[in-house]
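[1] Quick one: sequence plus predicted model below, questions after.
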Amino acid sequence: MSKRVKTMVIEEIERRLGNTRDLLVVDTSLLDGVTANRVRLALQAKGVKLLTVKNTLARQVFQRAGMAGLDGLLTGPSTLVWGGEDIVQLSKEITKWAKEIDKFQIKGGTVDGQPLDSQGVDELSKSPSRLELIGQIAGLLLSPGARLAAALLGPGGTIAGQIKKLSSAGEETAA
């Protein structure tokens with residue numbers, strides 16, 4: 001491959017990746033055509049992109065992007081996987097496929113430019129997703145207000161109940 005063609009391919013990989021700092025590296029070379037197509041279509045439906053790359057070109061792309069820690073993952077056939085809701089959801093989806101298909105291998109990945117090995121990707125898949133974390137934070141933020149409202153309404157409700165009881169007792173004696 002000439003230097004000009006390599007430069008064009010590197011630029012195309014950079015264009016496709018854009019500003020992506022969260023991606024996974026997998027090996028899909030052992031999959032048969034039907035299985036590989038099924039995986040690609042299922043992932044594409046969830047907004048996940050796959051790109052099989054030549055390792056030397058991927059190394060140059062990652063060095064330009066400041067993600068040089070991925071060099072150890074780029075051995076043998078490599079497919080870059082990125083996209084989806086967030087990196088946790090992506091790792092959950094890829095881990096699910098790796099468990100379902102023995103020949104689908106996870107090499108590792110990167111989160112905000114920090115490298116992960118395959119075990120790190122598996123651990124990441126067990127953590128809560130971005131939306132789950134936002135829900136937990138919202139619950140924690142609303143919890144003190146809910147407790148305060150309950151504390152203020154509790155005695156007020158008790159007093160209102162006692163007044164109602166006294167007023168109904170007064171109506172019975174008047175009749």
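    Nice, I can see it.

[2] How far off centre is the longest helix seen in the chain?
    Ordering each helix of the chain by length in residues (DSSP state H) puts helix 130-174 first. Counting by Cα atoms, centre = their mean, to the nearest Å, helix 130-174 is centred 38 Å from the centre of its parent chain.

[3] With stretch 114-124 instead?
    12 Å.

[4] do the same with stretch 65-76
    Centroid separation for stretch 65-76 versus its chain: 21 Å, with Cα atoms, centre = their mean.

[5] Can you give the contact residues for that stretch?
    14, 17, 21, 25, 27, 29, 55, 58-59, 62, 107-110, 113-115, 117 (Cβ atoms under 8 Å, 6 or more residues apart in numbering). No exception for glycine: its C-beta is placed from N, CA and C like everyone else's.

[6] Just those: which are in helices?
    Among the contacts of stretch 65-76, the members falling in helices (DSSP H) are Glu14, Leu17, Asn55, Ala58, Arg59, Phe62.

[7] And the contacts of stretch 65-76, which of them are buried?
    The neighbour count (16 or more other Cβ atoms under 10 Å) marks 17, 21, 25, 27, 55, 58-59, 62, 107-110, 115 as buried among those.

[8] what about Leu57, distance to Arg64?
    11 Å (Cβ to Cβ, to the nearest Å).

[9] cool, and Ala42?
    From Ala42 over to Arg64 the distance is 31 Å, taken as Cβ to Cβ.
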